[in-house]
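Colleague: Sequence first, then the predicted structure:
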Protein chains: 2
Amino acid sequence: NRHHACNVRSRSISVEALKPSDTFPRRHNSATSDELINMAQTCGFSNLNSLIDATIPLSIRRKEMSFNTFDEGLTEAEMMLHMKSLESKNKCFKSYIGMGYYDTHVPPVILRNIMENPAWYTQYTPYQAEISQGRLESLMNYQTMVADLTALPMSNASLLDEGTAAAEAMWMCSNIHKGKRKTFVIANNCHPQTIDICMTRATGFGIKVVAVDVKDVDYGSGDVCGVLVQYPGTEGEIMDYGEFVKEAHSHAVKVVMATDLLALTMLKPPGEFGVDIVVGSTQRFGVPMGYGGPHAAFLATSQEYKRMMPGRIIGISVDSCGKSALRMALQTREQHIRRDKATSNICTAQALLANMAAMYAVYHGPEGLQTIAQRVHGLAGVFALGLKKLGTEVQDLPFFDTVKIKTANAQAIADVARKSEINLRVVDGNIITVAFDETTTLEDVDNLFKVFSNGKHVSFTAASLAPEVQIALPSGLIRKSPYLTHPIFNMYHTEHEMLRYIHRLQSKDLSLCHSMIPLGSCTMKLNATTEMMPVTWPKFANIHPFAPIEQAQGYQEMFKNLGNMLCEISGFDSFSLQPNAGAAGEYAGLMVIRAYHLARGDHHRNVCIIPVSAHGTNPASAAMCGMKIVSIGTDAKGNINIEELRKAAETHKDNLSTLMVTYPSTHGVYEEGIDEICKIIHDNGGQVYMDGANMNAQVGLTSPGWIGADVCHLNLHKTFCIPHGGGGPGMGPIGVKKHLAPFLPSHPVVPTGGIPAPDKTQPVGTISAAPWGSALILPISYSYIAMMGSKGLTEASKTAILKANYMAKRLETHYPVLFRGANGTVAHEFIIDLRGFKNSTGIEAEDVAKRLIDYGFHGPTMSFPVPGTLMIEPTESESKAELDRFCDALISIRQEIAEIENGKADINNNVLKGAPHPPSLLMGDAWTKPYSREYAAFPVSWLRVSKFWPSTGRIDNVYGDRNLVCTLPQE
Amino acid sequence: NRHHACNVRSRSISVEALKPSDTFPRRHNSATSDELINMAQTCGFSNLNSLIDATIPLSIRRKEMSFNTFDEGLTEAEMMLHMKSLESKNKCFKSYIGMGYYDTHVPPVILRNIMENPAWYTQYTPYQAEISQGRLESLMNYQTMVADLTALPMSNASLLDEGTAAAEAMWMCSNIHKGKRKTFVIANNCHPQTIDICMTRATGFGIKVVAVDVKDVDYGSGDVCGVLVQYPGTEGEIMDYGEFVKEAHSHAVKVVMATDLLALTMLKPPGEFGVDIVVGSTQRFGVPMGYGGPHAAFLATSQEYKRMMPGRIIGISVDSCGKSALRMALQTREQHIRRDKATSNICTAQALLANMAAMYAVYHGPEGLQTIAQRVHGLAGVFALGLKKLGTEVQDLPFFDTVKIKTANAQAIADVARKSEINLRVVDGNIITVAFDETTTLEDVDNLFKVFSNGKHVSFTAASLAPEVQIALPSGLIRKSPYLTHPIFNMYHTEHEMLRYIHRLQSKDLSLCHSMIPLGSCTMKLNATTEMMPVTWPKFANIHPFAPIEQAQGYQEMFKNLGNMLCEISGFDSFSLQPNAGAAGEYAGLMVIRAYHLARGDHHRNVCIIPVSAHGTNPASAAMCGMKIVSIGTDAKGNINIEELRKAAETHKDNLSTLMVTYPSTHGVYEEGIDEICKIIHDNGGQVYMDGANMNAQVGLTSPGWIGADVCHLNLHKTFCIPHGGGGPGMGPIGVKKHLAPFLPSHPVVPTGGIPAPDKTQPVGTISAAPWGSALILPISYSYIAMMGSKGLTEASKTAILKANYMAKRLETHYPVLFRGANGTVAHEFIIDLRGFKNSTGIEAEDVAKRLIDYGFHGPTMSFPVPGTLMIEPTESESKAELDRFCDALISIRQEIAEIENGKADINNNVLKGAPHPPSLLMGDAWTKPYSREYAAFPVSWLRVSKFWPSTGRIDNVYGDRNLVCTLPQE
Ligand SMILES: Cc1ncc(COP(=O)(O)O)c(C=O)c1O
Ligand SMILES: Cc1ncc(COP(=O)(O)O)c(C=O)c1O
Ligand SMILES: O=C([O-])O
C-alpha cells in the first residue's frame, strides 16, 4: 500500500497510562509541580515537603492515612457510577408519614437556577452586604413570607430545623423571664422529635420540661416560663387556641407555637391568637425531603423580643449614596460578638433553603399557595369521607392535611400499604395517620382506599366522592387576613419572570464563580460539580427521613462508608452524622462529654476552659450545656498560654469538664504544645473537645484523635466541600473516642447512634430533627473524599498550607503578619494586622475589606480572632495566579494607604473610605471625590477585562439597627 | 373538647380543584385574564377572540386541534414521570461502533455551567456583538482549536454535522473551479453517511460523484474539482496522504479531508499534507452522543478561500473606544445577504455545542488532550494484541482508535457481544471494527476479549498485556508540530479556573435570563426547565445513533408520538425528523419536491418562485437543489402581488416546480390570498413549500396543510422551544402531504422515513449524518407540546398575536408600523420603519438597536425583510410588564431622536450614535460627549434597579473584514 509508510516508530505503554484519565485531585488541588516548587522556594524551602515538615510539629505528625474503600480515589466518572448505584438502592415510596416532612414539587426553574446553580450555592454568608444584595433581598422575602403567614411582626432568616427552632424558642421564654422560671411545658401534640430535642436541650439549660396533653396544661406552679403547642397537631387535629393563649398569658406564660406555613394560608394565623413565638419548617415550600434535610426552619416573634432572637436577621439600612440597602441586622445578639451571652450558638444556618422556600412563595404567590393548600385539604377530605364509607373510624376533629384513623391493627394495615409502595405513619397499635401533600393525586387516594378496604372491592373513586365532600373548618379558624401582598409575591408567576428575578438577584452577588473568597476559618474551597450532582437526583432527594430503613439502603451504605472514612481521617472511633452545623456539633459534643461525666457519677464536672481566641460558637455552645466558662489567654506568639492553662486546669481539677481548643489555632498556627495541652486536661479529669473548623490543615498530616482529643466536630461545609450556600446549609458531624461513643445522639422515631456502632449505647438525647441530619448533602463530602483518595486529601492539606505560606510571604513586607509557628511558617491561614494604620491614616480593617470589593474580591475574615485584622485562607483549590492577583490587590491597597500616610490622599475622603464604588456612583454626573473615577473603578488592569460590580455604596450598619425594618416595606 | 369550635363552615369541592396544580400553560403563556382583556381593548377589540377572528382570514381558520395523546396537557411533574419512563426504555450499551460518534466524559463543570445553564443556552446568535463578547470569545477558541489541530489557517464557528460539512466542502471545490469541473471523487474510506449526504447533495448541485477505493482514484477525466478522503479512515486505518495530495494538486484537484481532532493530537495534521479543506465533528470533545446530535462540525481551510466558506466565522475588530472586540466576520458570504448566491444556505448552526467542545479543549489543554488520545490509542493497541493472541486476524495498517478484525462470521460475534451489552460495528459478513474512546477502561477491553474468545478462557488481561504492546505509528505520521499554545488553552485546567472562565464569559452576554429578546422571525420564547431537563439525562444522552433500534425504544416512542402530534399541528400526513435546522429542512423539503416531480417524469420542473420578502435561506436552499429562481414582488400592503405570481406561474407553467412562501408572511401579516396562491401554484403543476418559521402564529388556529401547502419545515428552535444556544442547535423537521411522504429522507446505516410511515418509500437520499437528526433535543419540543396540550398551544398562538398587536398599538404613534392585515391588525410580529429618520437625523436602524442595549435590551431583527426597519416579535411568554418596558424604551429612544430633529442634540454626536455605552467609557476620567454620563447609562428608572452592561463600545464591522483575524492572536 503506497500510503503506508514503512518507517514505524513504536514504544511500549504502561498500565498506568491506560487507567482512566478523568482523575479528580488535579481538578481540585490547583498547582503544577513547577508551581509547588516555586511557591515553596519563595517561602524559603526547597520543596513542599520540607515546608510541611517545618510547619507541623513532629510529635503530632501521623505516618499515613489509608481507607478500606476508595483509598486510591475514584475518577469522576467512576464516582457518578457509584452514586448511581447507591441511588438505585434507595426506594421512593409514596409517603404519607407527615411529621414535618412532606413531598413537594420543587419548581424546576428554582431547582435549576438556585439549587443547581453554583452562582447561588457557592456564596458566603452575606457579611459583605454590598456584594450580597441579591440573596439579602431573597432572605428578606423569606422573613416577610414567614411574618405574613404567621401574622407576627418579624422573623429571622432561618434556623436549622423545626425541632431546634422550638428549642431556641424555649430558651427565649426562659430568657424573657430572665431565667427565673425553670419549667417549660410541651403539649404532646408536637412532633416527637421536637419534644425530644427540647428535652435534650433543656437538660443543658437546667430547664425542667413537662410534656402533657394540651388539655392538661397547668401553670399553677408559677414556675412555667413558656408552653409549646403545635398547630395543626402532629396527628392532624386543628384546635382553636384562642382561650389557651389567654389562659397562658394570664399566668405570664409565653406561648410558642410550632406550625405549618401551608396550613396557615387557610387557617387563622398564630399571631391572631396572640401567640408570642412561632416556629416551623419551610420544607414543603419546594425543598426536597432529602431523607431529613437540609431545610430552613424559622422563628417569628414580636419586635419586643428582637434582641433575644436567635439567628441571622436581615434588615434595611442605607448606603453611602443614601439609597436603601439590605444587610444583617442586630449582630450584637450573635455568638460572634456576645459569645456565651449570645441569644444562641447558631452561626451557619440554612440560607440556601430559605431562599428556595422564599422563591417558591414568590413563584406561586398568595393565590397559588392557597390553591395548593385547598387541594391538599380537599384530598384529605375526600380520603376521610371514603374511609368512613369503608367503615373505618376517622378522627372527628377538624384537620388540614392529616387524617387520623382508628383501627384494630395499625401495623397490619401499614404492612399492606408497604406492599403497594406506600408509607403510613403508625402512631400506636390502633392509630394510623395519613398526611397529604402537594404531590398527592386522586389516583393516590384511590390506591389508599385499596389499602384500607382490606381486599374488598371499593365501589367509589376519589373523583366520584369529591362532590359529596363537605370541607369543614370551624369558621373561627378560617383565615380572613391577607398575606404576601407585597408586589414581589405577585409579579413573578411565569417561568420567564421567575427566571429573570432569580438572575437579577444573582447578578448582584459575588460567589466562588467570580473569584477566590479567602475567608479565614471558613475554607471556601471548590465545590465540585460531580460532588453536587447527586444532591438533586430524585432517589436521594425524595425520601422521607422516617421511611423504613430498608428503603434507604443507598443512604445507609453511604453513611457507613462515610463514617468509616471520617474515623480514619479524624482518628476517632465513631461518628454521629446528626448535627446540622458546626455549632450544633459543638453542642452535641459537649453534651456527650457531659453525659460521660454524669455516667461516671461526676455530676459536678461543669467547668469548660476556652481560650480567648476561640470562635464565638465555642463559649455559646458551652453555655447551652450549662457549663461554667473559664477563659484563658494567649502568649505573645498567639499560642495558648500553657502555664495559665495548667493553672486553670489544676484550679478546677475537681470540676473540670472540658477544654475547647481549635487546631491549628484560630491564629493560624500549629501550636507545638498541643499534645501537652491535651495531657494536662486529661490529667485533671477533663475531656478535650477539639473544634474541627481548621481540619483542612490536618487531613492526612495529623488528626484530632492522634493529637489527643476526645471529641471533635467536622464542618463538612468547610473542609469537606459542602458549599456555603450564602449562609448554610452545613453539616457538623462529631467524631468521638471509644469511651464516648455510647453517648452519641439517637432519635425518637428512628433510633441512631455512632457509626461504626459502639457495643453499648446510652444516648445523650436528640440533637436534630432528622436522624442523620441533612442527609441530602452528605453525598458532597462523601464524593469529595472518595474521589480524592487518601493521597489526594493529604496533598490538599499540604497545598493549602503551602498557599497560605506563599501569600503570607508575598504580603509580609507590606503588612505585618501576626503569629507564626516555631519555624516561622503559618498553617493553612494567616492574619494580617491593620491596627497600625488606624492612628496614622484612619484606615481600619473594614476599609480594606470594602476596597477589596472594588478589586473584585470578597474581603477575608474581619476582626476574628483579633480585632483590627484580616484572616486570609486561600485553600488548595485556588490557583497561584489567583493568589497572586489577590496579593497584588492587597499590595496595591497598601499603596493607597501610603498615599494617606504621605499626605497625598485625604484622611477622611479617600479611595478606601469611599469604597466600594458602585457604577451608579462612578458614572454619576457629579463627581466630587478627590480621586479619579477610573482609579476608583479600575485600579488594576485585570479589572478592565472583567469586573464584578458592587450594587451599593458602603452600607450603614448602625442606622439600620436603630430603625429596624426586617420585612419588605409596602410600596 | 374546649378547643374545638362548634361553628363550622363547610363547602363542597370540585374534582377540578383536586387535579394536580402544577399545570404548565400558565407558566409559559404570560397573561392574566385581566391583562388579556386590557390588551385586546387597547387594540380596539372587546376581547382576545375578536382580535384573533379579525386577524386570521376566516377561509383558512381551522376548527379545532386535538391530539390522540396528551391532548389535555401533562403537568410538569407528570411530564417528568413520562420522560423518566421513556428514559428507562432506552438502554446504554457500551458502544464500539465509532463512525464519527464516540462516548465521551462531558466535564461536569461544562455540563452544569454551559449545557444546563440558561444563561448560555438561551442566548441568540451574536448579531449584537457588544452584548455577546463571551460566546464570541468561546467560538474564537473553537476556531483556534480547529485551526491548530488541523494545521489550517482558519475555521468557521460550526456546521451542522460532519456529513453536511463534507457536502459544503464539495460545493466549495466546485465553486473554486467556478462550476467548470463537474465531478467530485469520494474515497470509500469515508463514513457511509458522509458519502450518502454528499451524493444526495450532489444531485441537487448537478455534480457527479464517483466513490472509489482511495487507491483507485483517477483524475484523468480532467473534470474532477475535488476529492474527499478520511483520516483515519472509517475502518480505522491511518495512511500517509503526502503523495496523494501531491497527485491531486498536480491535477488542480482540491483535497478535502474528513478527520478526527482527537487523533490529530498524535498524528501529522492535514494541513501538513497540504490538504485544502478539512472537515469533521467535535462531538467526542465532551458533547454527548445523544442518539445522533446535536454536535458541532467544522470546516477549516486557507484564507485564500475565506469568501467561499460556509457558515459563521468569528473575527476580531475594534470598538468605538479603539479596543479589540469580536464579532461575526464576512457576513457578505451568507444567505441573509447573498441569498441564492450565498456560499451555503446555512443559518442556525451548532454554537452551543461548539462552545462545549471548545471548553473541553480549554479544560484539558494540549497535554490533557494528548493524554486522552494516547490512552485511547493504547487501549486499541492492547486490544489488537490480545486479539492476535486469541488467534483473530487484525488489520495490519496502523490505526488510532479503531481496530479492524477479520472473522468468519461477524454477525455471530456481534450477537454474542450484544448479550454482554456491547455494540460492535459489523462492516460486512467478515469484518468487524471496534472503536475505542475516552470512556473505555481496561475492564472493558477484558470484556471484549471474552466476546472474541468464543467462550474459551482468556489467559491474559488487558493490564497484563500492556507492557508487551508496541504502539506503532509510522514516524512520518507522528505529529511534531505544537497546538493549542495560546494561554487560554493552558490556564484553566482546574475546576475553579474553568468555572470562573465560563462565568466570566457568561457575564458579558445577554440572554433570556435578562430580558425579552424580541427578534422578529426568531420566536425567542420561554425554554422551560422541565423541557430542558431530560436532555442531560444519561439514557437520552449516551446512546450511539447507530445502536440497534431496540436499545432506543424510549426515543422511538417519542419520535412516534412527536411525529403524530406534529402532523396534527401542521395538517400534514408524515414527518421526517432528520433535518438539523430550518435551512436544512428547506433543502430537504425542496429535494422531496424535486424527487416527486422526477418520479412523475417531470424532469424539467425546476422553477422555484420566491417572493422578494423571503428569508435568505429560501433562495439559498433552492439554489442548492439546482432550481431556477423566479422572484416576485409584494404590493404596497406588503402582500405577495398575486397577479404577478399568477403571471409567473403561468409563464413557467411547464417548468414550475415550487413556490416557497412564508406564512404569516415575513411582513408579519396573514395574507388573505394565501389559499388562492396555493391554488394558482397547484393549477400550474407546482408544489407549495411553506417556510414554517412563523408557525407560532398558526398553531391551533390554522395550519400549513390546511392552507394548502405540500411541504413545510418547522423550526423547533422557534415555535417549539428548543433554545437558540447562541446560534444553534436547532431542528428543522419537515412535514409533507401524503403524495410526498414516500420521498422523505432515509439513512444508509439505519433506514428511516416518514413518521407515521407511508405505504411505500422512495427516499430522496440522506440529509443529515444522524438518522433522526439531533435527537437529544427533541425531548424539548416534545415536552412543550405534551405539557401545553392542544388548548395551551392554541392559547399560546393567540397570546403571541395579541401581544404583537398590543406593542404595535403602543408604538404606532411613535414609529410607523409597516404592513397590516385586512382588518388593521398584525400577526405575531410586526415591523417598525426607521427609514424616515435617516435624512433628518442621520439615525439608522442600527443606532436604535445599539441604543436599546443601553436600555438593557437585545435589539429586534434588523433590516429583515425590509432594509432600514426593525421587526419585533414578543411571543406569548413575555409578560405585559416586559412588553411595556420594551415599548417604553423605544418611545424614550424616539424622544432622543426628536432631540436631534429639533436641534437639541448633535446629528453626529448624540446618545444614539454613541451607543452602546460600556462602563469603561461611562466612568472614564475624560468625558467629552455632549450628553451626560447618567443619561447615557440610566435613561429610564428601571435601569437603576438592575442593569445589564455591554462590555464594549460599538464595534466596527468593516475594519474587521478588511483585516481578517479569526484565530486567537498569540499574545
Ligand atoms: C473555628 C470555628 N468554630 C466553629 C464554627 C461554627 O461552625 P458553624 O458555622 O458551622 O456553626 C466556625 C464557623 O465559622 C469556626 O470558624
Ligand atoms: C423565515 C425564516 N426561514 C428560514 C429560516 C432558517 O432557519 P434556520 O436558521 O433554522 O436554518 C429562518 C431563520 O431565522 C427564518 O426566519
Ligand atoms: O439569522 C437568522 O436567524 O435570521
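Modeller: Received, thanks. The model shown is predicted, which means the values in this text are computed figures rather than measured ones. Numbers count the residues shown, from 1 in each chain, chains lettered A, B, ... in the order given. Ligands and ions are numbered 1, 2, ... in the order given.
Colleague: residues contacting the closest residue in space to residue A:777 that isn't next to it in sequence?
Modeller: Nearest non-adjacent residue to residue A:777, counting by CB to CB, 6 or more residues apart in numbering or on different chains: residue A:722, 5.2 Å away. In short, each C-beta sits where N, CA and C put it, glycine included. Counting by CB atoms under 8 Å, 6 or more residues apart in numbering or on different chains, residue A:722 makes contact with A:527, A:716, A:729, A:730, A:731, A:777, A:780, A:781.
Colleague: Of all pairs in those residues, which one spans the longest distance?
Modeller: A:527 and A:731 (13.3 Å; CB to CB).
Colleague: which one of these two has more residues nearby?
Modeller: residue A:731 (32 against 23; other CB atoms under 10 Å in any protein chain shown).
Colleague: For the more buried one, which three-state class applies?
Modeller: Secondary structure, DSSP: H, G, I helix; E, B strand; the rest coil: residue A:731 is coil.
Colleague: my read: it touches residue A:719, true?
Modeller: No - with contacts counted by CB atoms under 8 Å, residue A:731 stays clear of residue A:719, the gap being 11.0 Å.
Colleague: if we can go back for a sec, for the contacts of residue A:722, give me JSON lines that also has distance to residue A:560 and pLDDT.
Modeller: JSON lines is the format used below for the contacts of residue A:722 (distance: CB to CB, whole Å; pLDDT from 0 to 100):
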{"residue": "A:527", "distance to residue A:560": "24", "pLDDT": "98"}
{"residue": "A:716", "distance to residue A:560": "16", "pLDDT": "98"}
{"residue": "A:729", "distance to residue A:560": "22", "pLDDT": "98"}
{"residue": "A:730", "distance to residue A:560": "22", "pLDDT": "98"}
{"residue": "A:731", "distance to residue A:560": "16", "pLDDT": "98"}
{"residue": "A:777", "distance to residue A:560": "17", "pLDDT": "98"}
{"residue": "A:780", "distance to residue A:560": "17", "pLDDT": "98"}
{"residue": "A:781", "distance to residue A:560": "14", "pLDDT": "98"}
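Colleague: quick one: which of those is nearest ligand 3?
Modeller: Comparing the contacts of residue A:722 against ligand 3 with CB to the nearest ligand atom picks out residue A:527 as the nearest, at 37.6 Å.
Colleague: Go ahead and confirm the closest one touches residue A:124.
Modeller: No - assessed by CB under 8 Å, residue A:527 is found out of contact with residue A:124, at 11.8 Å.
Colleague: coming back round to it: so can I have CSV of the contacts of residue A:722 showing distance to ligand 2?
Modeller: Below are those laid out as CSV (distance: CB to the nearest ligand atom, whole Å):
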residue, distance to ligand 2
A:527, 38
A:716, 47
A:729, 43
A:730, 47
A:731, 48
A:777, 42
A:780, 40
A:781, 45
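Colleague: Tell me, how many residues neighbour the residue in the stretch 501-650 of chain A that ligand 1 sits nearest to?
Modeller: Ligand 1 sits closest to residue A:582 of the stretch 501-650 of chain A, with a gap of 2.2 Å, by CB to the nearest ligand atom. For residue A:582, the tally of surrounding residues (other CB under 10 Å) stands at 30.
Colleague: Please apply the same query to the one 4 residues further on.
Modeller: Around residue A:586 sit 32 other residues, with neighbours defined as other CB under 10 Å.
Colleague: which SSE is it in?
Modeller: In this assignment (DSSP states H and E), residue A:586 forms part of helix A:582-599.
Colleague: Name the next helix or strand following that helix along the chain.
Modeller: strand A:607-611.
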